[in-house]
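[1] What follows is a predicted protein model with its sequence.
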Amino acid sequence: MFNNLTYKQRFFAVVIGFVFVFAGAYKRKMSHTLDSRRKLDLVEEKLANTNQSSNVLSSLQGEVKRLDDIIGGNNLKPELVQPNILDFITGQDMETNVVSIEDVHLHSDSEFKIYSNQIVVEGAFNDLVTLLYNIEKQYKESRIVSTKLYSKKNYQTNTTKLYLKIILQNYEKNK
């Protein structure tokens, strides 16, 4: 059969045969090899991301521990916080009166003990707002978590008084 063909026709037949053999070999072996290589690259990339995630996670855990120590690192004993708050409020040069002080409320969870102090102060608006600002900026032993300005009318004397209710909290890390 090849004896009747010219050299040009034989050349094209060999080239076409080579293309078929190459396509068959590619389909049989090379496509699986290249597909496996792509999957390996993808898995290596995911592994690198996992390693980065574990590094980021460990650094975030360290930061959370540091912040927990800052929040719970209050050195003042809880039974001394309330008198300290009173000393701070009465030490301000303002026309305010402490009306009531609630007992210290204790809430405990798995990581912290939270001590809440509630104080009600009576006075003029400007004095109460200035007192609130001073407590927020200067008093470092507790943090203000809630405030409420409200007024009450005394119907016997027909006067209205303005009150400021402040809730302060300090934290102690459970050991």
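    Alright, I've got the coordinates.

[2] Find the least confident helix or strand in this protein, judged by mean pLDDT.
    Lowest by mean pLDDT, DSSP states H and E among the helices and strands of the chain is helix 31-71, with a mean of 82.

[3] what's the distance between that helix and the middle of its chain?
    The chain centroid and the centroid of helix 31-71 are separated by 20 Å, computed with C-alpha atoms, centre = their mean, to the nearest Å.

[4] cool, stretch 7-15 as well?
    From the chain centre to the centre of stretch 7-15 is a distance of 73 Å (C-alpha atoms, centre = their mean).

[5] in that stretch, what's buried?
    For stretch 7-15, the neighbour count (16 or more other C-beta atoms under 10 Å) marks no residue as buried. Yep, even glycine has a C-beta here, placed from its N, CA and C like the rest.

[6] Extract the CA atoms of it and return them as CSV.
    What follows is stretch 7-15, C-alpha atoms only, in CSV (Å, rounded to 0.1, in the frame of the first residue of the first chain):
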residue,chain,number,x,y,z
TYR,A,7,7.2,10.6,-0.9
LYS,A,8,5.1,13.6,-0.3
GLN,A,9,2.0,11.5,0.4
ARG,A,10,4.0,9.1,2.6
PHE,A,11,5.3,12.2,4.6
PHE,A,12,1.7,13.5,5.1
ALA,A,13,0.6,10.0,6.2
VAL,A,14,3.4,9.7,8.7
VAL,A,15,2.6,13.2,10.1
